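> Make a model of this:
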Amino acid sequence: MKNLKIGNKTTSVPLIQGGMGVGISLGRLAGSVAKAGGVGVISTAQIGYREPDFHRNTEQANLRAIEKEMQKAREISPDGIIGYNVMTALREQESHVRAAVRAGADIIFSGAGIPATLPEYVEGSSTKIAPIVSTARSAQVVLKYWDRKYHRTADLVIVEGPLAGGHLGFSKEELDGWKPENYEEEFRSIRKVLRSYEEKYHCQIPLVAAGGIWDAHKVEEMENLGADAVQVATRFISTEECDADIRYKEAFLQAKEEDISIVKSPVGMPGRAILNPFMKRVMEGEQIPHSPCHRCLEGCHPGEIPYCITDSLIAAARGDVEHGLLFCGACGWKAEKIETVEEVVASLFPNSGK
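Numbering: from 1, shown residues only. Here you go, the predicted model:
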């Protein structure tokens, strides 16, 4: 794999750190990954949960935190590549993207839906944009719409497979019947979709493999598939620099393979998480009382949900691993010790010289 060029900056390793909300990938982790030569990514999902007025003034708290976390990241890596993950499913997607651009984002990643209007929100800036897709069909929908409405294309495309953590772009039935060769076939199909737009816009659109990437062997496997880079998220949770509480990190060290399962988000999307006491209660049908609505996700109806995803993710990030939602990639059980970001990057790319 060659190193990625984003704007006027180039990575030292073809690596993107996946965005993890709430409070898992903030300024410290993103800055550390950028300093190590990859692309560091801050998640804007309820990013302001530590602000004193978060519960009464959620949106303003989040917008302030978007700026603050970039400042933290830039203190660690003044010249590295730092971006934001802004989910399409967020009610405040537009304001988060615009705030990220003002904060100096090199690139915006957006999934959990079709980021149809993303180009509009970065117009006039140097910020690059990258959709996160799972199928050739979704890639075609995004790129065709951007081409027709905005006369531009993606700067990079992430292909997130079924082994990823958090919200997934597949139905429960698709996940149950998925096989490794399905991902390979879909990846090649997405590459074909990109070719026509590369020809039209006289550019190369890097294609990035994501989901279940844990070690150098998997990186090599993705390179052989034709990936230009890899996105890694869960592997960075058990690092010293991860922004989550130490008890959150230790939960991954204690998890067994059978503890990781497909779960249902309050908004109906399937996801992958560690089966802790909280999630077992949810799966048994218990309704978990929650705080007043923070208006985080489109499609969420507070009176009907089994639990509040904001409450549960904040609890987890703060270290209440018994009562929080611990989103996790399929390989999360492989974590054996707390490492540094530099050690993780070196293990993923042993020949990089980093």
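> shouldn't Asp155 be in contact with Ile107?
Yes. When contacts are counted by C-beta atoms under 8 Å, Asp155 is listed as touching Ile107 (6.9 Å). All C-beta spots, glycine's among them, are computed from the backbone N, C-alpha and C.
> mind listing the helices for the protein?
Secondary structure of the chain (DSSP state H): helices located at 27-35, 58-76, 93-103, 118-122, 136-150, 172-176, 180-201, 216-225, 246-254, 277-283, 309-317, 341-348.
> By mean pLDDT, show me the worst of the ones you listed.
The weakest mean pLDDT among the helices of the chain belongs to helix 172-176, with a mean of 69.
> ok, back up a step: list the residues that contact both of Asp155 and Ile107?
6, 128-130 (C-beta atoms under 8 Å, 6 or more residues apart in numbering).
> right, and the pair among those residues with maximum separation?
Farthest apart among those by C-beta to C-beta are Ile6 and Ile129. That separation is 10.7 Å.
> which neighbours do the two share?
Counting by C-beta under 8 Å, 6+ apart, the contacts common to Ile6 and Ile129 are 107, 155.
> higher neighbour count, Asp155 and Ile107?
Neighbour count, other C-beta atoms under 10 Å: between Asp155 and Ile107, Ile107 has more, with 25 against 20.
> Show me what the more buried one is bridged to.
Gly83, Lys128 (DSSP bridges).
> correct me, but it touches Val39?
Yes. Counting by C-beta under 8 Å, Ile107 touches Val39, with 7.0 Å between them.
> Which residues are in contact with each of these two?
6, 81, 83.
> Would you mind measuring from the second one to Met70?
I take that to be Ile81. Using C-beta to C-beta, to the nearest Å, Ile81 is found at 12 Å from Met70.
> Okay, the closest residue to Met70 other than its chain neighbours and Glu286: tell me how far apart.
Of all residues not flanking Met70 in the chain, Ala103 sits nearest, at 4.0 Å (C-beta to C-beta, 6 or more residues apart in numbering). Going from Ala103 to Glu286 by C-beta to C-beta gives 40 Å.
> Ok, Thr239 next?
33 Å.
> Show me which of these two is the more surrounded one.
Between Thr239 and Glu286, Thr239 has the larger neighbour count (other C-beta under 10 Å), namely 23 against 11.
> Which residues are in contact with that one?
Taking C-beta under 8 Å, 6+ apart as the definition, contacts of Thr239 comprise 29, 32, 249, 338-341, 343-344.
> just Lys192 next, same as before
For Lys192, the contact set (C-beta under 8 Å, 6+ apart) comprises Ala136.
> burial measure for the nearest residue to Arg98 once chain neighbours are set aside, as a count.
Nearest non-adjacent residue to Arg98, counting by C-beta to C-beta, 6+ apart: Tyr121, 5.6 Å away. Other residues lying near Tyr121 total 22 when counted by other C-beta under 10 Å.
> Return the distance of Tyr121 relative to Thr88.
Counting by C-beta to C-beta - Tyr121 and Thr88 are separated by 11 Å.
> Just give me the neighbour total for Asp147.
16.
> Touching, it and Val141? I think so.
No. Using C-beta under 8 Å, Asp147 is not in contact with Val141, being 11.0 Å away.
> shaky segments in the stretch 251-354 of the chain?
Filtered on pLDDT under 70, the stretch 251-354 of the chain yields the residue ranges 292-304, 353-354.
> again, only this time at 50
354 (pLDDT under 50).
> what's near enough to touch Ala216?
Applying C-beta under 8 Å, 6+ apart, we find Ala216 in contact with 347-350.
> Going through these, which ones are buried?
Neighbour counting over those (16 or more other C-beta atoms under 10 Å) leaves 348-349 as the buried ones.
> out of the contacts of Ala216, who's nearest Met269?
Nearest to Met269 among the contacts of Ala216: Leu348, at 28.2 Å, using C-beta to C-beta.
> Go ahead and confirm Pro206 touches Leu4.
Yes. The criterion here is C-beta under 8 Å, and Pro206 meets it with Leu4 at 5.8 Å.
> what touches both of the two?
Common contact partners of Pro206 and Leu4 (C-beta under 8 Å, 6+ apart): 156, 228-229.
> Most neighbours among those, which one is it?
Tallying neighbours with other C-beta under 10 Å puts Ala229 at the head of the shared contacts of Pro206 and Leu4, with 25 neighbours.
> So the residue most central in space within the chain versus Ile305, what's the distance?
The structure's the chain has its C-alpha centroid closest to Gly19; by C-alpha atoms, centre = their mean the separation is 3.1 Å. From Gly19 across to Ile305, the span is 23 Å (C-beta to C-beta).
> what do you get for Ile274?
With distances taken as C-beta to C-beta, Ile274 is found 20 Å from Ile305.
> Leaving out the residues flanking it, which one is nearest to Ser95?
Counting by C-beta to C-beta, 6+ apart, Leu63 is the residue found nearest to Ser95 once chain neighbours are left out, at 6.5 Å.
> who's in contact with that neighbour?
48, 95-96, 99.
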